[in-house]
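> Sequence first, predicted model second:
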Amino acid sequence: MAIIENKPAVEFDTVFGRDDSVEVSAHRDHEAAHARVFKMIVIGDSNVGKTCLTYRFCGGTFLNNQEATIGVDFRERTLQLDGESIKLQIWDTAGQERFRRSMVEHYYRSVHAVIFVYDVTSLASFESIPEWIEECSRHCVGPLVPRIMVGNKCDLRDHREVPTAAAQCLADRYNFPLFETSAKDPAEKEHVDAIFLTIAYRLKSHKPLRLKQLSESSSVTHLWNQREQESATCQC
Ligand SMILES: Nc1nc2c(ncn2[C@@H]2O[C@H](COP(=O)(O)OP(=O)(O)OP(=O)(O)O)[C@@H](O)[C@H]2O)c(=O)[nH]1
Ligand SMILES: [Mg+2]
C-alpha cells in the first residue's frame, strides 16, 4: 500500500534539547531504541495548524509557509518521563477530505491517543469538532483512549471567533481536557509541550500495547509495516 507523504518521514527525535556531541547523540539513540512507543493522531479541519503544532513540539520552531498535508506526515519525539523513555509517534493527518479519504482507516488503527484541533479564529473549525469526534468513534477508538481538544492560533487575538467559555463547555461535554495555544508564538512553546506531555503522562500509566522497538531507520514504509503487523486495538 502506498503512503502519500509530502515531507521526510521522521523529522526529529528529541530527548529534551539538542546537543551535537557524539556521546550525547549515542545516548539518545540508546534511549530512543528502548522507549515505549505510542501512536498519537492529530485531527481537525484543514488549516487549523495541526502540522505547525506537531512541528513546534517535535522540532521546536514554527514552520513557515506550510502547505496542506497530503495523507499523513509522521513526526517523533522521545521524552524522558520519571526516568522512562517514552516515544511519541505523532501522525499529523490531512484535514482536507480529498487528501485523507484513502487513509482514514489507517489513522485510527491501534491509536493510543487523539488530539482534536480547531482554530480559535474559525468558528467553523470549532463547530466541526463534534464531527471529528464522531468519526473517531465510528472507527472504534475505545473510550479509554485519551483525547484532548486544542484551540490553536491564540496569537491572533483580534480575530478570535471561538470564546474560551464555549470551547470549555464543549470540552466538558465530552470530558476532554482543553488547551488554547499558538504554534506560532514562541512564548507558547512550553505550553505546546505541556499539551503533548499531558497525554504522554496519561499513556505512561497505561499498559504498553507495543513492545517492539522501531528500527533506527524510520522510513515511512517501515513505520507502516510495523503498524500493519500490530494487532489492532479496535474490538469490532
Ligand atoms: N497566526 C498563526 N498562524 C498559524 C498558527 N498555526 C498555524 N498557522 C498558520 O495556519 C496555516 C495552516 O497551518 P497548518 O499547520 O498547515 O494547518 P493544518 O491543520 O496542518 O492543515 P492541513 O494539513 O490542510 O490539514 C499556515 O499558514 C500556518 O502558518 C498559529 O498558531 N498562529
Ligand atoms: Mg497539515
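Nice, thanks for sending it over. Ligands and ions are numbered 1, 2, ... in the order given.
> And residue 181, how close does it get to residue 148?
11 Å (Cβ to Cβ, to the nearest Å). (Each C-beta comes from the backbone N, C-alpha and C, glycine too.)
> Compare the two and say which is more crowded by neighbours.
Using other Cβ atoms under 10 Å, the more surrounded residue of residue 181 and residue 148 is residue 181, with 25 against 20.
> mind listing the strands for this protein?
Here the chain has its strands, by DSSP state E, at 36-43, 72-81, 84-93, 113-119, 147-152, 178-180.
> export the ones you listed to JSON lines and tack on distance to residue 61?
Converted to JSON lines, the strands of the chain look like this (distance: least, Cβ to Cβ, whole Å):
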{"stretch": "strand 36-43", "distance to residue 61": "17"}
{"stretch": "strand 72-81", "distance to residue 61": "13"}
{"stretch": "strand 84-93", "distance to residue 61": "15"}
{"stretch": "strand 113-119", "distance to residue 61": "18"}
{"stretch": "strand 147-152", "distance to residue 61": "16"}
{"stretch": "strand 178-180", "distance to residue 61": "19"}
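> of all those strands, which lies closest to ligand 2?
Of all the strands of the chain, strand 84-93 sits nearest to ligand 2, with 5.7 Å by Cβ to the ion.
> check whether that closest one contacts ligand 2.
No - using Cβ under 5 Å from the ion, we find that strand 84-93 stays clear of ligand 2, coming within 5.7 Å at best.
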